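Colleague: no sequence for this one, just the structure:
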């Protein structure tokens, strides 16, 4: 396989996409490039409909406008839809006209507002997060009006709106949405009571949200409204709430300490008939399985899409970047920990993969749950997450419940045993202890439920035997004894080898999957995991797994696309078969062009895109092996005329005619959808696309296509997509990573310069030659990796990197022309034992600088420590090169810190964003410098500004400081004693003037400095060089004493 093949060859004629027109600025979605292609196309249609309505109603009377709208609506269903959508769009974008437009909408609608309801549901499920804030507000207003009017189907819209309220999110927008929907439901209570499913869904939603709303007064007020709302519905319509099933009990347990719910619990347990004559008790609830529609309602559409994507498209072993993205997006705050229970209940109760998926290499459910458990940072959230995992076990009935609900828990324990026994141990311990502790009066039922679950697991062959799990030597004796006591039936196995056969390949996979996760929420997990990982390393399993893909590149397996062919149209199937048989790249390009032409035909079934993408991915997987970049990088080697690059024929030769076909957004969007489908199946396409856009002359100036591509993917976010693709590139081809770096930083500055994520990827893998190449790019103006507003934060982030990575980052920083004062505050974060790399780089750079007062202040603000020589080193160097300037700065800092009260010092220090600088720190550093300069010819401490400042400080400091720094202050005394001539009185007057003059009542600041400066100037006019020599010799003598 040649290493210089072109990345996307011949998958897709990209220049045709490149030349497509961009979408117009939308009033529905932000114009900052963050809205997706789908959103833009949808907005274009809505705004076209709005312009039709506007053209009919502008400049005419209200009656004429109504007549015109009615006449247009009567022409047929398409015209009716246009008017309804146009008025709907006006409601969202023109708040001032909303009331009138809604009235017109009610008059002209011929389908009971069905078109509008469908459009609202579509926006809420697909594009709500991309809506402008004004449109969100108006959407809530419109739903309130629909509810007031009693429009049939408005309850469905309300339930979709509730789904958008994210759990574990207390940001202002989410709280606003939760309160807005709650207000609608409370205002229209009578209407709510007419829909049983809406009652149950509202209770389930707000019972779950109550847990998140605590702390501030605003959240407490909202929480009380939610409590009142839920209690009233539970007490008045308990039988409707009963349809929720056993998860209603789980949610009520979480709020049991709230007084209102405490009273409700007493009735549920002791007086169930008070709630409803048909309610027999809590067992009735617990034996009822919760419908998946309730479990799904607590995930936003965006979360649900990402989770379904991971469980249906992501291959096991490639999940880390998706998990990291999900963690950053939804699980990064302390409040978000409560979301883990919702995710685990959703995975157990809703995500039920087909047998085809279960037998494939797609990421299994247990692996995601294992990740959610091991990354949990709160003990309370960890306990709740374990309960969520085992919840269906407690009252499991094979007749009513599904094996799929209990399968994830047993598989998490099974697959974790070998690489991570602590996970298995904590789950087994939880399973044993929950039996007597869940609800003591029902202990027998819980024991029967858990036993039924285990029995069903063995019957259905989820695990052949449980003895290897329950009686495993990796578990401690107490736990094994407890398991034998609770479940003796499952603790003996006739064939132990079965367990080894099952676990052997899994242990390697799990090691790859979970070895880097944080186990802080489980006792002794770290030690147990460490031992086990060492054991795995000694056997070489990690190495074998890591290099497994290399074997695939050597041994070519025949491509089998038969399962996909049957799902394609006949004409498309023939072309794909042609593509498979073609051995010549040029011929493949021609066939590929024909396939794309067919995709762009008006009657093409877009549902076939996924199947087509699967075929193409299989046929061209050879193109994604090995390195992409040619050995010799020349102008031709990366351009369209490169010799041997026949794979470029399709994009180049067909770009012109496809451009003509793609001037409308739908064609542009369709090709992006195909790329997105390919990306889901082959993530390497992302960085191959970046290389194509960087390398091809046909793609010159079209790098913004990547942004459209990123928004069309399941991730829907440029920054996340870019970081994931660069990470994949880093892992596959470091040379290509360096080759792409200049164009990536140039084309996407907002995504690359605001954090150190990409920089860390680069410096983690480059060698010294590649570092030097990047430095040259920076100095030639081809590459900017830092900018003033973010460089400090990035360098602070780099303090946790490896030594070579830090040195690389500093070398790249120093190649930029950024003033050192921009990053000097990093000194506050540097500790001499922990950050030697940054300190040495900063020290070498400071020695080239002329000291400013801010620099000196930051250097002096470092804590004094006998082993930390940083401050003394740089001060000594400045003494040699800039003694007079340094003396003036130190004088200024000494006088300011001595004169201002402590509170004023603190305020001033914090306002300048510098470290706290105290008088004692300055004196300690000066004393260290004095000792360092002893027995040298340097006369720094004989300079008038230094001696004046010491004299000033000595006159006002306490006895403890005078004693501690007596040698330092003795220099000032000698200076005063040696001045016996008449100018002495003038000097003394000048030095004491800030306290003796008539302005002394004001805070001693500028006047004091000016007085000292004038005294210094006055002395400079006197013949004092001989004095300075004499004082210098005495100063040295003083030091030696």
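Modeller: Yep, it's here. If you're wondering where the values come from, they're calculated on a predicted model, not measured in any experiment.

Colleague: find the nearest non-adjacent residue to the residue nearest the centre of the chain, please.
Modeller: Nearest to the geometric centre of the chain sits residue 328, at 2.5 Å (C-alpha atoms, centre = their mean). Spatial nearest neighbour of residue 328, chain neighbours left out: residue 720 (7.8 Å); criterion: C-beta to C-beta, 6 or more residues apart in numbering. Any C-beta I mention is one placed from the backbone N, CA and C, and that applies to glycine too.

Colleague: quick check: that neighbour vs residue 678, distance?
Modeller: Distance, residue 720 to residue 678, by C-beta to C-beta, to the nearest Å: 18 Å.

Colleague: with neighbour numbers in mind, choose between the two.
Modeller: Set side by side, residue 720 and residue 678 show more neighbours around residue 678, with 24 against 20, by other C-beta atoms under 10 Å.

Colleague: tell me the phi and psi of the more buried one?
Modeller: Backbone geometry at residue 678, expressed as degrees, to the nearest 10, gives phi -60, psi -40.

Colleague: before we move on, back to that, touching the one helix or strand the residue nearest to the centre of the chain maps to from outside, list them.
Modeller: Assigned by DSSP states H and E, residue 328 falls within helix 320-330. Contact partners of helix 320-330, identified using C-beta atoms under 8 Å, 6 or more residues apart in numbering, comprise 166, 168, 303, 306-307, 309-310, 314, 336, 339, 368, 371, 375, 513, 715, 720, 724, 727-728.

Colleague: what's the answer for stretch 388-406, then?
Modeller: 246-247, 250, 286-289, 340-341, 344-345, 348-349, 352, 369, 373, 408-409, 412, 427, 430-431, 434, 438, 445-446, 449-450, 452-453, 456-457, 460, 462.

Colleague: in that stretch, what counts as buried?
Modeller: Residues 388-396, 401, 404-406 are the ones in stretch 388-406 that count as buried (16 or more other C-beta atoms under 10 Å).

Colleague: quick one: mean pLDDT for it?
Modeller: Average pLDDT, stretch 388-406: 94.

Colleague: going forward, begin numbering at 499 instead of 1
Modeller: Sure thing, new numbering starts at 499, so read that last one as stretch 886-904.

Colleague: tell me how far residue 1112 lies from residue 621.
Modeller: Counting by C-beta to C-beta, the gap from residue 1112 to residue 621 is 30 Å.

Colleague: so for the helix holding residue 826, what's the average pLDDT?
Modeller: 89.

Colleague: what do you get for stretch 1251-1263?
Modeller: Averaging pLDDT along stretch 1251-1263 yields 88.

Colleague: same check on stretch 1385-1403?
Modeller: 73.

Colleague: and if you look at stretch 1370-1381?
Modeller: Throughout stretch 1370-1381, pLDDT has a mean value of 89.

Colleague: quick one on the thing from earlier: give the buried residues for the helix holding residue 826.
Modeller: Using 16+ other C-beta under 10 Å as the test for burial, helix 818-828 gives 818, 819, 820, 821, 823, 824, 828.

Colleague: closest one of these to residue 1096?
Modeller: Residue 1096 lies nearest to residue 820 out of those, by C-beta to C-beta, at 31.8 Å.

Colleague: neighbour-wise, which of residue 1112 and residue 621 wins?
Modeller: residue 621 (22 against 19).

Colleague: for that one, I want the exact helix or strand it lies within.
Modeller: Applying DSSP H and E as the criterion places residue 621 in helix 612-624.

Colleague: now do residue 1434
Modeller: Using DSSP H and E, residue 1434 sits within no helix or strand.

Colleague: next, count neighbours for it.
Modeller: Residue 1434 has 13 nearby residues by other C-beta under 10 Å.

Colleague: same check on residue 1317?
Modeller: Residue 1317 has 10 neighbours, counted by other C-beta under 10 Å.

Colleague: before we move on, back to that, residues in contact with the residue nearest to residue 826?
Modeller: When contacts are counted by C-beta under 8 Å, 6+ apart, residue 1218 touches 823, 826, 827, 1208.

Colleague: domain map for this protein?
Modeller: Partitioning the chain according to the TED database yields domains covering residues 537-783, 790-988, 1055-1123+1142-1230, 1351-1396+1414-1471.

Colleague: run the chain-centre distance for the longest one.
Modeller: Remark: domain 537-783 is offset 29 Å from the chain centroid, using C-alpha atoms, centre = their mean, to the nearest Å.

Colleague: show the average pLDDT along that domain.
Modeller: For domain 537-783, mean pLDDT is 92.

Colleague: now tabulate the domains of the chain in CSV and tack on distance to residue 1316.
Modeller: Listed next are these as CSV, based on distance: least, C-beta to C-beta, whole Å:
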stretch, distance to residue 1316
domain 537-783, 34
domain 790-988, 28
domain 1055-1123+1142-1230, 23
domain 1351-1396+1414-1471, 15
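
Colleague: follow-up on the earlier one: strands - which of the contacts of stretch 886-904 land there?
Modeller: Among these, none falls in strands (DSSP state E).

Colleague: in the stretch 1299-1448 of the chain, where is pLDDT below threshold?
Modeller: Counting by pLDDT under 70, the stretch 1299-1448 of the chain contains low-confidence ranges at 1397-1414.

Colleague: all helices for it, in order.
Modeller: Under the criterion DSSP state H, counting those that start in this stretch, the stretch 1299-1448 of the chain contains helices at 1301-1313, 1334-1344, 1351-1358, 1368-1379, 1381-1397, 1400-1409, 1417-1431, 1442-1454.

Colleague: now for the fourth one, which elements pack on it?
Modeller: Using 3 or more C-beta pairs under 8 Å, 6 or more residues apart in numbering; DSSP states H and E as the contact criterion, the secondary-structure elements in contact with helix 1368-1379 are helix 1334-1344, helix 1351-1358, helix 1381-1397, helix 1417-1431.

Colleague: between the longest one and helix 1351-1358, how many degrees?
Modeller: Pointing back at helix 1381-1397 there. With axes from the mean of the first three to the mean of the last three C-alpha atoms, to 10 degrees applied, the angle from helix 1381-1397 to helix 1351-1358 works out at 70 degrees.

Colleague: would you indicate which residues of helix 1381-1397 are buried?
Modeller: Those would be 1384-1397, for helix 1381-1397 by 16+ other C-beta under 10 Å.

Colleague: and for the second one?
Modeller: Judged by neighbour count using 16+ other C-beta under 10 Å, the buried positions of helix 1351-1358 are 1353, 1354, 1355, 1356, 1357, 1358.

Colleague: is it true that residue 758 touches residue 730?
Modeller: No. Contact criterion C-beta atoms under 8 Å: residue 758 and residue 730 do not qualify, at 9.8 Å.
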